[in-house]
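>>> Quick one: sequence plus predicted model below, questions after.
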Amino acid sequence: MTTPPASVEISETFVSLQGESTHSGQPCWFVRLSGCNLRCRYCDTARAWERGERRAVAGLVDEYRASGVALAEITGGEPLLQPGFPALAAALRDAGPGPLLVETNGACDLRLVPAGAIAIMDIKTPGSGESERFDRENLRRLRATDEIKFVITSREDFDWAAALVRAERLETRCAAVLVSPAAGLVEAAELARWLLESRLPVRLNLQLHRLVGLA
Ligand code: SF4
């Protein structure tokens with residue numbers, strides 16, 4: 001019996017500016033995988049919760065190559081849930097100049113992200129409604145090139161994130177720790193002020209693509 005070609009279910013592919021990591025500002029080819037195991041209160045990609053279109057990994061790699069863009073990102077939904085994710089990640093990593101970024105919600109085993117790819121791992125705050133789902137073992141699975149992101153919905157969220165950064169010295173576990181204001185819930189200027197007052201070794205991250213009117 002022959003093995004079927006590797007495939008994944010996707011919501012969409014598109015080219016935009018990367019806006020949510022230290023790679024922010026660069027043109028990026030995105031593939032959004034379908035399905036998510038969380039239901040964050042502020043989710044702006046709920047369409048990715050639905051079943052998507054099944055696509056062969058080889059075809060997605062061809063599409064990435066044809067885009068002419070160096071940076072690639074697998075996002076979701078939660079991409080690590082899909083059985084075809086490791087094959088897709090390895091193929092995209094090997095296909096282009098890269099790097100390959102993988103956005104993940106912190107509730108799946110980070111070891112699924114292959115070596116050579118960069119995980120951008122959310123740590124969900126209490127304001128998301130999903131903070132209990134965080135797999136704390138992922139803190140020990142981070143690699144030096146990975147990044148951590150907190151989406152902040154309130155002052156309480158910021159204080160919660162600050163306590164975790166200090167307790168676990170998160171800035172020593174990865175390349176960067178980022179805090180982003182949840183759209184419509186916290187002003188960027190307010191979060192910037194909290195950050196400055198806290199003296200935390202983390203970065204303010206704004207959704208750059210949204211600021212310039214891109215998806
Ligand atoms: S993990 Fe992401 S896709 Fe899933 S519910 Fe939360 S914000 Fe939405």
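Looks like it came in fine.

>>> Where does the prediction get shaky in this structure?
1-2 (pLDDT under 70).

>>> And the residue nearest the centre of it?
Centroid-nearest residue in the chain: Glu103, 2.2 Å away (criterion: C-alpha atoms, centre = their mean).

>>> Pull the number of nearby residues for the nearest residue to that residue once chain neighbours are set aside.
Counting by C-beta to C-beta, 6 or more residues apart in numbering, Glu103 lies nearest to Thr75, which is 4.2 Å off, once chain neighbours are set aside. C-beta: built from backbone N, CA, C; applies to glycine. Applying other C-beta atoms under 10 Å, we find 21 residues neighbouring Thr75.

>>> Give me every residue in the chain lying close to the ligand.
Within the chain, the residues that sit near the ligand (C-beta under 6 Å from any ligand atom) are Cys36, Leu38, Arg39, Cys40, Cys43, Thr45, Ala48, Gly76, Gly77, Glu78, Asn105.

>>> will you turn those residues into JSON lines that also has neighbour count and secondary structure?
What follows is these, written out as JSON lines (neighbours: other C-beta atoms under 10 Å; DSSP: H, G, I helix; E, B strand; the rest coil):
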{"residue": "Cys36", "neighbour count": "20", "secondary structure": "coil"}
{"residue": "Leu38", "neighbour count": "20", "secondary structure": "coil"}
{"residue": "Arg39", "neighbour count": "12", "secondary structure": "coil"}
{"residue": "Cys40", "neighbour count": "22", "secondary structure": "coil"}
{"residue": "Cys43", "neighbour count": "16", "secondary structure": "coil"}
{"residue": "Thr45", "neighbour count": "14", "secondary structure": "coil"}
{"residue": "Ala48", "neighbour count": "22", "secondary structure": "helix"}
{"residue": "Gly76", "neighbour count": "26", "secondary structure": "coil"}
{"residue": "Gly77", "neighbour count": "28", "secondary structure": "coil"}
{"residue": "Glu78", "neighbour count": "23", "secondary structure": "coil"}
{"residue": "Asn105", "neighbour count": "25", "secondary structure": "coil"}
